[in-house]
Structure formats: structure tokens, C-alpha cells
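[1] Following is a predicted model, sequence given first.
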Amino acid sequence: MAITLHGTDGIDSPDFNATGSVVPANGMYLPSANTLAWTTNSTRNMTLDSSGNLGIGTSSPGFKLSVAGYSNVNSANKLAIGDVADYQARLYMESANETFTIENTSDYASSAIAFRINGSERARIDSSGNLLVGTTSTLGNCKVNVLFSSSTVNGLSIYDVPSSGTANMVLFYRGGAQVGSITSTSSATSYVTSSDQRLKENIVDAPSAINSVNAIKIRSFDWKADGSHVDYGYIAQELLEVAPEAVSVPKDPDEMMGVDFGKLTPRIIKALQELTQRLEALEAK
């Protein structure tokens, strides 16, 4: 038995039928027990199933809200909230202006996904899976790229709520094993690298370091970028000849070398120990 209410324009609204034998051109009906469906222009466009899942553009919703793509004037699939017919957007929410957008459009090369706030792009994920924040291209061939356009903007803030104990702020892994971390307490930050005895073998006393420390050239120089002066520093190419473990040499020779000052600490401590032993021997005489 079907119940159909006809409006003055002849549109069926609604039409209930438990067996599904009557399907309205424009209206509401029951295609099966405990399932409610809507049609427009003889096409089933929306379904509410027995689990309370709502499907738009699909008759088999797998989630509480399932939306299948449809074609707009730009032949792009989208879920849109707001009046956004001019955009090929996957998800778009707006009020007077665009307040939040995730979109995939032909304007973005290689099918990037862009995030827009108030009409301006703030971030994107490109086709290679790179995350770009404040920029539309990668910086230094990195997976995560953040560009700060104002000198008043802080770079990165990592905040841990508890005020006691030690917190792991950043963990570093290589080959599935943790090789370092940045930890913090309520008053200090530590930059930790792996040094556990269980990770090492062939442990012996280090050789003399006095000569190598004396061979390290300490230079004064000015930075070309801003003219700032340094009274005591290293030149990476010079240090590489004496303490290569402290110098980062990129694979690309056009990229700049760097120095890890912390890697020089064991060498300097060894030299200091040797000098202390010599001084104690002299004092004993």
C-alpha cells in the first residue's frame, strides 16, 4: 500500500511504499524495509538506511554521512557547504566569505590539496605528499616546508601542558630505532643523542687529542648575509681536515657545509684531561 500526497504542481511529496514497487519521479519512498529514499527527476539521490546512515549520491552509505561525487560546471567531484559553484572543491565551508576550504582544483598543479582561510591559501599538500605552509613550493627539498614572511612571527612552538617531570618534545628515529630526542623539564631543554653502552662495541680509551685540538683553527669573520661579526668560530672546510665527525657534508657540492659544535666536545674534554694530567705531574715534582 502506498501513500502519495500530490501538490498543486503534480510533484509526489512524499510517497511511501514498503515494497518499493512504486518509485516516484520526484518524491520520497521506501525502497526496502527500514530504508527511506528520495528521488528527483526519476533518479534516487539520497538514502537513509536502517542504521541511520545518510547517503547523498549513493544508495549504500557506509558512514553516518556518505557523499558520492557529482559533476558541476567544472566536471569536478565535490562536497560543498555554502555557495561555491565556481570552485572545484572537495570540502568547502563559507559564510559571507570563505572561512575554510580544502580544495583540489586545476589551478593547483599536479592535483595539490589546498587549505584556504578567508579566501587566502594558508597551506597545501602537493602531489608528492609534501606539506607546504606559507609557501606554494618546496624549500630545500624537504617533506615539511614552512615559510615565515614576518620577522615578528615565531617559527615553531612545542608546548607540553604538565608542569612537572620530563617530557619528550621531539623524538628522532632512523631505521626503526630511536636515535635522539629533544626533552624538557619545567626549567630546561635537553638535546639528546644515542649513547647507550648496549649500542657500542670495541670500547677502548681514546687516543691523544691535544695535537688535534691545537690543529683546529679558530677564526674571526663576518657573515655575508647580514654583515654580522663573529670573534671566534670555525670554517667547515678547515675543520673537516681535523675533526670530520663534526662537519656535515651534503651530497650536493653546491649546498653549504655545516658544523655540529657538540661533536667537538669529547675531543676537547680528552685534550683537557691530558693537560690536567701533565699539570698534576709537574706539580708533583
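    On my side now, so go ahead.

[2] Who are the contact partners of residue 125?
    Neighbouring residues of residue 125 by Cβ atoms under 8 Å, 6 or more residues apart in numbering: 112, 113, 131, 132. Bear in mind the C-beta positions are built from the backbone N, C-alpha and C, glycine included.

[3] Reformat the residues you listed as TSV; add neighbour count.
    Below are those laid out as TSV (neighbours: other Cβ atoms under 10 Å):
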residue	neighbour count
112	19
113	16
131	14
132	23
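
[4] Would you double-check that residue 190 falls in a strand?
    Yes: counting by DSSP: H, G, I helix; E, B strand; the rest coil, residue 190 is part of a strand.

[5] From residue 134, how far out is it?
    Separation of residue 190 from residue 134 (Cβ to Cβ, to the nearest Å) stands at 29 Å.

[6] Of these two, which one has the most company?
    residue 134 (15 against 11; other Cβ atoms under 10 Å).

[7] where do the helices sit along this protein?
    In the chain, helices defined by DSSP state H lie at 210-215, 236-240, 265-284, listed in chain order.

[8] What's the local residue count around residue 25?
    13.

[9] Against residue 153, how distant is the nearest residue to it once chain neighbours are set aside?
    In space, not counting the residues next to it along the chain, residue 25 is nearest to residue 42; the distance is 4.7 Å by Cβ to Cβ, 6 or more residues apart in numbering. The gap separating residue 42 from residue 153 is 56 Å, by Cβ to Cβ.

[10] does the residue nearest to residue 25 really touch residue 27, like I thought?
    No: Residue 42 lies out of contact with residue 27 (Cβ atoms under 8 Å); the separation is 10.3 Å.

[11] Between those two, point out the one with more neighbours.
    residue 27 (21 against 9).

[12] From residue 127, how far out is that one?
    In terms of Cβ to Cβ, residue 27 sits 43 Å off from residue 127.

[13] Could you list the domains of this protein?
    Taking automatic domain parsing as the domain assignment, the ranges for the chain are 2-67, 79-146, 167-199, 210-284.

[14] so who does residue 218 touch?
    Counting by Cβ under 8 Å, 6+ apart, residue 218 touches 232, 233, 234.

[15] ok, now with 6 Å
    For residue 218, the contact set (Cβ atoms under 6 Å, 6 or more residues apart in numbering) comprises residue 232.

[16] for residue 145, same thing?
    By Cβ under 6 Å, 6+ apart, the neighbours of residue 145 are 132, 135, 138, 139.

[17] doesn't residue 147 make contact with the second one?
    Yes: the criterion here is Cβ atoms under 6 Å, and residue 135 meets it with residue 147 at 3.9 Å.

[18] Compare neighbour counts for those two and give me the winner.
    Comparing residue 135 with residue 147 by other Cβ under 10 Å, the one with more neighbours is residue 135, at 15 against 11.

[19] Ramachandran angles for the more buried one?
    phi -150, psi 160 (degrees, to the nearest 10).

[20] So for it, what's the pLDDT?
    At residue 135, the model reports a pLDDT of 88.

[21] Kindly provide the distance from it to residue 213.
    Counting by Cβ to Cβ, the gap from residue 135 to residue 213 is 42 Å.

[22] Point me to the residue sitting farthest from the middle of the chain.
    Taking Cα atoms, centre = their mean, the residue of the chain most remote from its mean C-alpha position is residue 285, at 63.9 Å.

[23] which among the contacts of residue 125 gets closest to residue 254?
    For these, the minimum distance to residue 254 (Cβ to Cβ) is 22.9 Å, reached by residue 132.

[24] And the pLDDT at the closest one?
    pLDDT, residue 132: 91.

[25] do residue 4 as well
    Value for residue 4, per-residue pLDDT: 49.

[26] what number of residues lie near residue 38?
    18.

[27] State the distance from the closest residue in space to it that isn't next to it in sequence to residue 59.
    Among residues not flanking residue 38 along the chain, residue 46 sits closest, at 4.3 Å (Cβ to Cβ, 6+ apart). Distance, residue 46 to residue 59, using Cβ to Cβ: 9 Å.
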